[in-house]
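Asker: Provided below for reference: sequence and predicted model.
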Amino acid sequence: GDFDEGIAGGYTHCIPDFYNETRFDAADIVNLGQTINELELLNGKQHQAPNNAVLRGGTYNKRATLYVDGDLFIENNILTSGYSIVDTNNKLAIPYLSIVVSGNIYISDSVSTINAFLVAQPRAGDISGSTGRVVTCAKRPVGVAMAYAPSELVANCQTALTINGAIVARSIQFLRVPGD
């Protein structure tokens, strides 16, 4: 179903359920641990990570999708590495990373660049509106990601953030002081 479909007081979006409808068979998905250290290892496959996952960032040069069943904290930049397109008619030669989260995406205050398609969709049954968010300036002090308090934004959210890709979410919290 679509985001918020059938939720009391909710509304129906025209956005598809990326998390459940774009995955291959479970046998084709590579399961990862809670911390994802080597982004280049994701190349060319679909991967699954658990709640409160941490993506350390890095570079990639192929096509891949990362699914997270819960919240994701992006700790460092996500970049494409050097690649050359020999066949300009082959769109599959272009590096592309999709990050699809059934929960929230939190982006560390130190991240300046993300080259990826980001989807943060509400968790099934969430009527509180607390999931399906992208938070552009966050911290992870005790293993759980969270947004900075309004009084902490000026001191902690000074790094400009550029996202080269689309964002699909219930809400986006643009919290960088210089602008996102």
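Answerer: Nice, thanks for sending it over.
Asker: Now do the residue lying closest to Thr159 once chain neighbours are set aside against Gly57, distance only.
Answerer: Nearest residue to Thr159 in three dimensions, chain neighbours excluded: Ser112, at 5.3 Å (C-beta to C-beta, 6 or more residues apart in numbering). Using the backbone N, CA and C atoms, a C-beta is placed for each residue, glycine as well. Relative to Gly57, Ser112 is positioned 11 Å away (C-beta to C-beta, to the nearest Å).
Asker: Within the sheet, what are the partner strands of the helix or strand bottoming out on mean pLDDT in the chain, with directions?
Answerer: When the helices and strands of the chain are compared on mean pLDDT, DSSP states H and E, strand 29-31 comes out lowest with a mean of 79. Strand pairing for strand 29-31, determined by DSSP bridges: strand 46-49 (parallel).
Asker: Show me what the mean pLDDT comes to for the strand it pairs with.
Answerer: Averaging pLDDT along strand 46-49 yields 86.
Asker: Give me the contacts around that strand.
Answerer: Applying C-beta atoms under 8 Å, 6 or more residues apart in numbering, the contact partners of strand 46-49 are 23-24, 28-34, 36, 55, 64-69, 72.
Asker: From the residues you listed, list the buried ones, please.
Answerer: 32, 36, 55, 64-68, 72 (16 or more other C-beta atoms under 10 Å).
Asker: Throw those residues into TSV and include secondary structure and pLDDT, thanks.
Answerer: Formatted as TSV, the buried ones among the contacts of strand 46-49 follow (DSSP: H, G, I helix; E, B strand; the rest coil; pLDDT from 0 to 100):
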residue	secondary structure	pLDDT
Leu32	coil	84
Ile36	strand	84
Leu55	strand	93
Ala64	strand	87
Thr65	strand	90
Leu66	strand	92
Tyr67	strand	92
Val68	strand	94
Leu72	strand	95
